[in-house]
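>>> Quick check, what structure comes out for this input:
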Amino acid sequence: MKKLIYLIASILFALTSVYGVYDIFVTKQDDLMASIMAVLFAAFLAWLFMHLFLKPEPRHKHQATNAPESSPEAPSDAPTAETAPITHVNANSGVEDDYVAVDIETTGLGRDARIIELGAVRIRHGRKVATYSQLVNPQIPIPAKVTQITGITDHDVKGKPTIDKALPRFYAFCGKDTWIGHNIRRFDIPVIAREAQRVGAGMPDVSFYDTMELSQALLPQLDHHRVVDLIRYFGIAKTERHRASDDAAQTAQIFEHLKRI
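Next up is the predicted model:
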């Protein structure tokens, strides 16, 4: 409903600004400046409401849950769908019962982000049968904001495997299963692919489902589709842990609920 109001408002203001351009040419010289200012103000309002209408979902689920959803968007150099490796959405007609839910924690949201934790849970017939959790030494300092959100410190990752050692073990746990992740298309997979390329670890071709995209399609009545929104909507939990294996487990629960819709 909110988006519809934004759309109608933007159209009205756009029409007002278009009419204002015509009005400038028929306005008396003394009122010309006022007409120009009115046109510029209407155009600004049209842009503002269209921006609100087209506002994207946050690109990463690991953001402070008490922050306004319009503010914590990823920087302009954050991963996008176009940066994903050779990957495809699973095209099977059936809904997956056996899969692996994955999640990562990173040093940031930009293209230079490094992985500090890998997490996954293996699901068989809708039930968790195994868990993978591995802290990763990013070989750079972990920003204080990331530590505040995840609780992961430089001391925690000291002596842990670097990404070139951790990724092959992560791939081995995932096997040939379909990957399930929240915003996995635009964040997790591109970050993993860039880290793999950086250290020459290789990147498997994987099938995946993105629970953010599924929730946007199946639950259009929701204003937002972050992990925290969905776990509260489905009654799974009230908060995220912001740790990779825990969030992967919650993502699997979200997927199981979405399968029933």
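>>> Return the helix or strand in the chain with minimum mean pLDDT.
Every helix and strand of the chain was ranked by mean pLDDT, DSSP states H and E. The lowest is strand 88-89, at a mean of 39.
>>> which helices and strands does the helix or strand just after that one pack with?
Sequence-wise, the next helix or strand beyond strand 88-89 is strand 99-106, with elements assigned using DSSP states H and E. Where contact means 3 or more CB pairs under 8 Å, 6 or more residues apart in numbering; DSSP states H and E, strand 99-106 is packed against strand 115-124, helix 144-150, helix 163-174, strand 179-181, helix 189-199, helix 244-259. The way it works is simple: take the backbone N, C-alpha and C, and place the C-beta from them, glycine included.
>>> CA-only coordinates of strand 99-106 in CSV, if you can.
Below are the C-alpha coordinates for strand 99-106, written out as CSV (Å, rounded to 0.1, in the frame of the first residue of the first chain):
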residue,chain,number,x,y,z
TYR,A,99,20.0,-29.2,0.3
VAL,A,100,22.6,-27.2,2.2
ALA,A,101,21.9,-23.8,3.7
VAL,A,102,24.9,-21.5,3.7
ASP,A,103,25.9,-18.2,5.2
ILE,A,104,29.0,-16.1,5.6
GLU,A,105,30.3,-13.3,7.8
THR,A,106,32.6,-10.7,6.2
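>>> what's in contact with it?
Outside of strand 99-106, the residues that reach it under the criterion CB atoms under 8 Å, 6 or more residues apart in numbering are 62, 113-123, 146, 150, 152, 173-175, 177-182, 184, 188, 191-192, 209, 242-245, 247-249, 251-252, 255.
>>> Name the residues of stretch 237-252 that come out as buried.
When neighbours are counted by 16 or more other CB atoms under 10 Å, the buried residues of stretch 237-252 are found to be 240, 242-252.
>>> Burial check on residue 110, number of neighbours?
14 (other CB atoms under 10 Å).
>>> now the residue nearest to residue 101 when sequence neighbours are not counted: how far from residue 102?
Of all residues beyond its chain neighbours, the one nearest residue 101 is residue 252 (3.8 Å), with distances taken as CB to CB, 6 or more residues apart in numbering. Taking CB to CB, to the nearest Å as the measure, residue 252 falls 10 Å from residue 102.
>>> and if you look at residue 177?
From residue 177 over to residue 102 the distance is 9 Å, taken as CB to CB.
>>> before we move on, what about residue 251?
Taken as CB to CB, the span from residue 251 to residue 102 is 8 Å.
>>> Residue 177 and residue 102: which is more packed in?
Neighbour count, other CB under 10 Å: between residue 177 and residue 102, residue 102 has more, with 30 against 20.
>>> what about the nearest residue to that one once chain neighbours are set aside, neighbour count?
Using CB to CB, 6+ apart and skipping the chain neighbours, the partner closest in space to residue 102 is residue 120 (4.6 Å). Neighbour count for residue 120, taken as other CB under 10 Å: 28.
>>> and residue 120, what is it in contact with?
Going by CB under 8 Å, 6+ apart, residue 120 touches 100-103, 131-132, 170, 173-174, 244-245, 248.
>>> burial of the nearest residue to residue 99 once chain neighbours are set aside, as a residue count?
Of all residues beyond its chain neighbours, the one nearest residue 99 is residue 178 (4.5 Å), with distances taken as CB to CB, 6+ apart. Residues within reach of residue 178, counting by other CB under 10 Å, total 18.
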